[in-house]
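>>> fold the stuff below for me.
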Amino acid sequence: MRVLKSIMLWFFAMQAIPLLLMAVFSLLKPRHATHAISLESQIFTCAGFLVFSLPFVMAWWTTRKPSANRNAWAILASLIFIAEGILILWFMHKFPALSHGASARDGLYFAVIGVAGVVLFSLRESVPASEVAAVKRTPIAGDRTHPLVYRAFTALSVVLQIACMVLCGHWARSHGLLYSGRIPWLVLFTVAVLATAVLHECGHALIAWGFHMKLLGFNAGPVQWQKREGRWKFKFVPAGFINLGGSVRVVPTDARQPRVHDLWMIAAGPLSNIFFGSVALYLLLCAHWPYYEQTWRLIAYTASFCYIAGITNLLPFMTEDGSYSDGARILQILTNSPLEDYHRTMNSLASTLVTERRYRDLDIDAIQRAASQFPEEQRGLFLQLCASNYYLDTGRIREARSALDTAEAIYNNNSIDLPGPLHTPFVIGHAYLNHNAAAARTWWERMEAKKFERNNVDYWLAQTALFWIEGRQKEAEESWRKADAAAQKLPQIGGAYEFDRMRCALLRTELDHPSTEPVVPVAPVFRVASTPVAPAAPVFREAPTPAVPVAPFTPFAPVFRVAPTPAASVARDVPFAPVAPFAPVAAVLPATAEDNARFDPLQFLRAAAIENLRS
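Numbers count the residues shown, from 1 in each chain. Down below sits the predicted model:
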């Protein structure tokens, strides 16, 4: 139901925008001497369009966020859709000479959309309080952004999009081209936006590959490829048609990768859009191909969206979900912003997925500095869990407990909707580090209420630790065997995976020889403290650590944002995945906007849709 409501949100917006434009144009219409139009008539016409657009504007505004109540404005707008559809069908039937197939179908579409809207918004549904009360990201000092720039981006995206549509229409009429073909306008629009997102993300991925970074994921609208636990997996998500964004996840293989590599990788997205936008424009103006009259609009839309994406994403802004545009990330690198320290820390953590570096090889000071920038957010919680892993890997149990307690304090003091996989570090930590069965059970029950993949190493290790601390030896043995089997299947290359196998060994020791204090890892501790390595990012198995998030552009919405993702300095909006106190954190993290900086072509009008889909 959330997905359907998100679709209706866009229908409301698409109906409101033309009506508002007609209201503006009615006032700007010149008054010729031969066809004098009084000022009063113009004002009356403008007022009529404004009144007619009001239900759609209010319906869009009031449905941006989930609500358990019936939405009167949305129902009213849906009824108007039905009335429009019936009127069009009646007109086509009454005046068949003026009837065209496309117009008759439009009438049927309007009626179907209206009926669906009435049904959807007349029903009540239960919405968690955490979804109704959206948590806004607090501005971060030194991130080189300003809220006014984000608003300017939104306005500029809308203005440019409308201007391109109008110019395309005038150009088509002056060249005798069909402005309405057999392919529905919405289909062409969707394909053009998706193509823009794909080209943007390919730009990021290509340059990352040239700098020897490892690709861990490529998403574009409903199509998603992700590399999990060493294997590529394809997933088709129909809901991606609502959020036609894109993202790539890459991680550096060189801990001392120059910042200029990150700079070029981030800039490659907008530059790719500008290049392919120029190619599409050339084809539109100078080339002809079969069925040119039916397909020119697709090329025109693609050229328009590419240019808008390339230009607007170079503006430095932070979106409402906390991710950063490509322009903001570039500015942060050039000015040595404090946020750049955070990004490099996450990149370093992510590198544990593709190199032999483990937590003990990271710079704990950099991790703590990055965590201090987000004392009330999930990012800070995640980094504290990474710190706990570092201390465990170096045998400093007391510090590992302290970092775990700090992470839990962030959770308890703030409204954080923690994803299921991020509960496992707390279950394991309270059982293994604190020997607190009650706390471990509490976190386990919280985790079980979430929806996520459970057949992985982190889940079985958490279950093993819980059963062990509760004295359920037989069940703990069974869970450990499953955890060990899953750990042995992990790739041999990757410090994060080796850390998983070490955790299995630690729990095996506890199962065989219970002790009152956790067993300190016997592996030698090599901490490259002086190495200028970007702090590595924890790796969560389910969702390969994000790499530099790159957010795509949206004709009406914020576009490519390289959200601070816990992965390599690559374009992408990947969620952060905290790590079990002694486990790698690179698995299924809730795709936070920031972590999953996506190229979202229609984000301005689609913000509500994304919120609804988060659940």
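>>> residues touching residue 418, list them.
Residues in contact with residue 418 (Cβ atoms under 8 Å, 6 or more residues apart in numbering) are 378, 381, 411, 446, 590. The C-beta positions use only the backbone N, C-alpha and C, and glycine is treated the same way.
>>> out of these, which one sits closest to residue 289?
The nearest member of the contacts of residue 418 to residue 289, counting by Cβ to Cβ, is residue 590 at 44.4 Å.
>>> one step back: and the contacts of residue 418 as JSON lines, adding pLDDT, neighbour count and distance to residue 440?
Shown next, in JSON lines, are the contacts of residue 418 (pLDDT from 0 to 100; neighbours: other Cβ atoms under 10 Å; distance: Cβ to Cβ, whole Å):
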{"residue": "378", "pLDDT": "88", "neighbour count": "27", "distance to residue 440": "21"}
{"residue": "381", "pLDDT": "93", "neighbour count": "27", "distance to residue 440": "18"}
{"residue": "411", "pLDDT": "94", "neighbour count": "18", "distance to residue 440": "15"}
{"residue": "446", "pLDDT": "92", "neighbour count": "15", "distance to residue 440": "11"}
{"residue": "590", "pLDDT": "35", "neighbour count": "22", "distance to residue 440": "22"}
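>>> how near is residue 360 to residue 267?
34 Å (Cβ to Cβ, to the nearest Å).
>>> distance-wise, check the closest residue to residue 220 other than its chain neighbours relative to residue 199.
Closest residue to residue 220 apart from its sequence neighbours, by Cβ to Cβ, 6 or more residues apart in numbering: residue 246 at 4.2 Å. Using Cβ to Cβ, residue 246 is found at 9 Å from residue 199.
>>> now do residue 316
Distance from residue 316 to residue 199, by Cβ to Cβ: 22 Å.
>>> who has more neighbours, these two?
A count of neighbours by other Cβ atoms under 10 Å puts residue 199 above the other of residue 316 and residue 199, at 26 against 21.
>>> now name the helix or strand holding that one.
Here residue 199 sits within helix 185-210, counting by DSSP states H and E.
>>> repeat that for residue 215.
strand 214-220.
>>> how about residue 349?
helix 338-350.
>>> mind listing what's buried along that helix?
Across helix 338-350, burial judged by 16 or more other Cβ atoms under 10 Å covers 338-350.
>>> and it with strand 214-220, angle?
Between the axes of helix 338-350 and strand 214-220, defined by axes from the mean of the first three to the mean of the last three Cα atoms, to 10 degrees, the angle is 110 degrees.
>>> so for helix 338-350, mean pLDDT?
Looking at helix 338-350 alone, the average pLDDT works out to 85.
>>> run the chain-centre distance for it.
On the basis of Cα atoms, centre = their mean, to the nearest Å, helix 338-350 sits 18 Å off its chain's mean C-alpha point.
>>> same deal with stretch 448-456?
Worked out by Cα atoms, centre = their mean, stretch 448-456 lies 21 Å from the chain centre.
>>> now stretch 420-438
28 Å.
>>> state the mean pLDDT of it.
For stretch 420-438, the per-residue pLDDT averages 92.
>>> got it, and stretch 114-129?
Mean predicted confidence for stretch 114-129 is 73.
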